[in-house]
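Participant: Return atomic coordinates for the entry below.
(chains A, B, C and D)
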Protein chains: 2
Amino acid sequence: MSVTPTEQSAQKACKRAEIVTAAVRLADAEGVDALSMRRLADELGVATMTPYTHVASKDELLDLMRDTVAAEMLLPEPLPEDWRAALRAIADRTRAAFEAHPWCLDTAPRRPRARINRLRHVEQSIGIVRRLGLSPETSRAVLLSIDDYVIGYCTRARARQRMLDSLGPEGKDALRHLSDPDPEVAAALDAGELPIIKKIAGQLDRQHPFGIPPDSGFEPGLDWLLDGIEASVARAEDEKAASH
Amino acid sequence: MSVTPTEQSAQKACKRAEIVTAAVRLADAEGVDALSMRRLADELGVATMTPYTHVASKDELLDLMRDTVAAEMLLPEPLPEDWRAALRAIADRTRAAFEAHPWCLDTAPRRPRARINRLRHVEQSIGIVRRLGLSPETSRAVLLSIDDYVIGYCTRARARQRMLDSLGPEGKDALRHLSDPDPEVAAALDAGELPIIKKIAGQLDRQHPFGIPPDSGFEPGLDWLLDGIEASVARAEDEKAASH
DNA sequence: CCCTTCCCTGTACGCCGTACGGACCGACCA
DNA sequence: TGGTCGGTCCGTACGGCGTACAGGGAAGGG
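Facilitator: Numbering: from 1, shown residues only, chains lettered A, B, ... in the order given. Now for the predicted structure:
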């Protein structure tokens, strides 16, 4: 062996990185369905099985791909002073990363592992939440609840996008779209079940080409969540002050 | 044709329903990976391609399966008077449905369509949010933000569960688990990057067998979100009162 | 009686992930 | 210097997937 262990692993990491970035590029461009090991190998100009020299399985590859996306979620230091601004900035960046790489949301990680960039992201977030002076459990709850909201928003936004895509460019009014090839829905609408949806869909008819209401956006829910957290923090501080 | 169109479609719907329930049962028992059209046909005692007589594609099948889960999210009438209690009840039921059928979260819908039970679920939720007397846009934002939180929570809880499963029964302390086969993480920990995570993982060592902190739970985040919404509603009412 | 219309079936195609055995090649040790 | 050995790359092959397609068979309508 000519190289020291460090050099060797560095060389290996290099190859790994090339494979992963090529895979990310492919998934970004053509979706995760187009990402097969054969196709990826073709793209890299190597034989089908060659990537397996550097990556244990497609599952691990997807895990590594997700970690490169996690790197994009990292906020450049220095972080904003205000905890609320900092948390919001991270949430925004996370959302942007998911929007740039929607395939992250198309397949759930099968055997997820803690990878470096994901850990960096968590470290950064914990650092901010710590400023609130809450108990460790509450701090974690704050962090996770924001994470959950962001993931949920992005997941639903992704589903919405797929729905729009699947409809194609031809316009269809909302009621027709809802009931079109689904007799169950049509029957329910006729029977007067779903009155609110029927009314809303009827109103959307004129304003909106498709039966899908415009997205109400990422910010309001995040604001409410942060409001609730802030109020909870204020309450905790009051109690602490009162007990002294 | 011997049967009237209605009878015919009813008969067809019956067969469809059998297929879908069998598919749900299989996915519940062995996960979505075990659900192949061949396996499903075997389970039903028919030839491989027979299910395709009643279901256009595996995609549509998954869509129908998801809709049976949506049925479980429906709250029995009468709904609670208090809007907050009602929204919380729906959120709880939704979470329970996802926990009972985690495969819902394992694969994103490819070409989602509005199905009857999903629409019923939405109708029920809108009915509650309407009581708040907010604008249509704000109402939708309230509804969707709660939905997003629930989906996000369940998705992360699912990932957590997979992580625990993949670790197997043998206990491993947190630090070792974090850095185990991943040299990048080990290097970062050694280099003093990730100080907070290192400290937390070190503390978890004794209390917790795995490197995964216990779930902080569904309720706190939901409460914060509802708190924020409630404060926003109160503010809106104040403004309305003041302008009169 | 035949004919249409469904429902069902078996076969077959082109993908997929990946196990495996062998070829090459540079680096170390005798 | 020659042998060996670890690491990289390759080709082939296997089992499984979703599903297109062409045919069979029963059942009701003319």
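Participant: For A:Gly217, which residues are in contact?
Facilitator: Neighbouring residues of A:Gly217 by CB atoms under 8 Å, 6 or more residues apart in numbering or on different chains: B:Ala141. All C-beta atoms are positioned from the backbone trio N, CA, C, and that covers glycine.
Participant: now it, what's its secondary structure?
Facilitator: At A:Gly217 the chain is in coil, as set by DSSP: H, G, I helix; E, B strand; the rest coil.
Participant: In terms of pLDDT, where does it sit?
Facilitator: At A:Gly217, the model reports a pLDDT of 82.
Participant: same thing with A:Glu77?
Facilitator: Model confidence at A:Glu77 (pLDDT) stands at 86.
Participant: check which helix or strand covers it.
Facilitator: For A:Glu77, there is no host helix or strand (DSSP states H and E).
Participant: Tell me the buried residues in stretch A:108-123?
Facilitator: A:108-110, A:112-123 (16 or more other CB atoms under 10 Å in any protein chain shown).
Participant: Pull the most distant pair out of the residues you listed.
Facilitator: Farthest pair in the buried residues of stretch A:108-123 (CB to CB) is A:Arg110 and A:Glu123. Separation: 24.8 Å.
Participant: Stretch A:33-45 and DNA strand C in contact?
Facilitator: Yes - shown here: stretch A:33-45 in contact with DNA strand C (CB under 7 Å from any atom of the strand) through A:Leu35, A:Ser36, A:Met37, A:Arg38, A:Arg39.
Participant: Tell me how far the last one lies from A:Leu26.
Facilitator: If you measure A:Arg39 against A:Leu26 using CB to CB, to the nearest Å, the figure is 7 Å.
Participant: out of those two, which sits in the busier spot?
Facilitator: With neighbours defined as other CB atoms under 10 Å in any protein chain shown, A:Arg39 and A:Leu26 compare such that A:Leu26 has more, 21 against 14.
Participant: What separation do you get for the closest residue to the more buried one other than its chain neighbours and A:Trp103?
Facilitator: Closest residue to A:Leu26 apart from its sequence neighbours, by CB to CB, 6 or more residues apart in numbering or on different chains: A:Leu35 at 5.3 Å. Remark: distance between A:Leu35 and A:Trp103 (CB to CB) = 8 Å.
Participant: again, but for A:Lys58
Facilitator: Between A:Lys58 and A:Trp103 the computed distance is 13 Å (CB to CB).
Participant: Out of these two, name the residue with the larger neighbour count.
Facilitator: Using other CB under 10 Å as the criterion, A:Lys58 and A:Trp103 rank with A:Trp103 on top: 24 against 16.
Participant: residue contacts, the more buried one?
Facilitator: Going by CB under 8 Å, 6+ apart, A:Trp103 touches A:Ala27, A:Asp28, A:Gly31, A:Val32, A:Leu35.
Participant: Which helix or strand contains the first one?
Facilitator: In this assignment (DSSP H and E), A:Ala27 forms part of helix A:5-30.
Participant: can you tell me how far the closest residue to A:Arg93 other than its chain neighbours sits from A:Val150?
Facilitator: Excluding the flanking residues, the one nearest A:Arg93 by CB to CB, 6+ apart is A:Met73, at 5.3 Å. Applying CB to CB, one obtains 10 Å for the distance of A:Met73 from A:Val150.
Participant: So which of the buried residues of stretch A:108-123 reach chain B?
Facilitator: A:Ala108, A:Pro109, A:Arg110, A:Pro112, A:Arg113, A:Ala114, A:Arg115, A:Ile116, A:Leu119, A:Arg120, A:Val122, A:Glu123 (CB under 8 Å from any CB of the partner chain).
Participant: Could I get the phi/psi values of the last one?
Facilitator: Spelled out, that is A:Glu123. phi -60, psi -50 (degrees, to the nearest 10).
Participant: cool, and the fourth one?
Facilitator: Taking degrees, to the nearest 10, you get phi -60, psi 140 for the backbone angles of A:Pro112.
Participant: measure it to DNA strand C for me?
Facilitator: Look at A:Pro112 and DNA strand C: by CB to the nearest atom of the strand, to the nearest Å, they are 15 Å apart.
Participant: Tell me the spacing between that residue and B:Ser166.
Facilitator: 7 Å.
Participant: Next one: A:Ile128, what pLDDT does it get?
Facilitator: Turning to A:Ile128, the model gives it a pLDDT of 95.
Participant: actually A:Ala10, not the one I typed
Facilitator: The model reports A:Ala10 with a pLDDT of 61.
Participant: rewinding a little: what's the burial count for the residue nearest to A:Arg93?
Facilitator: A:Met73 has 23 nearby residues by other CB under 10 Å.
Participant: Next, the contact list for it, please.
Facilitator: Counted by CB under 8 Å, 6+ apart, A:Met73 has contacts A:Ile90, A:Arg93, A:Thr94, A:Ala97, A:Asn117, A:His121.
Participant: if I pick the fifth one, what's in contact with it?
Facilitator: Looking back up the chat, that one is A:Asn117. A:Asp67, A:Thr68, A:Ala70, A:Ala71, A:Met73, A:Leu74.
Participant: Just give me the closest of those residues to A:His177.
Facilitator: Nearest member of the contacts of A:Asn117 to A:His177, counting by CB to CB, is A:Met73, at 35.1 Å.
Participant: what's the spacing between the closest one and A:Ala100?
Facilitator: Distance from A:Met73 to A:Ala100, counting by CB to CB: 11 Å.
Participant: Count the residues that sit near the residue nearest to A:Asp28 when sequence neighbours are not counted.
Facilitator: Among residues not flanking A:Asp28 along the chain, A:His101 sits closest, at 6.0 Å (CB to CB, 6+ apart). For A:His101, the neighbour count with other CB under 10 Å is 19.
Participant: Next: A:Leu44.
Facilitator: Neighbour count for A:Leu44, taken as other CB under 10 Å: 16.
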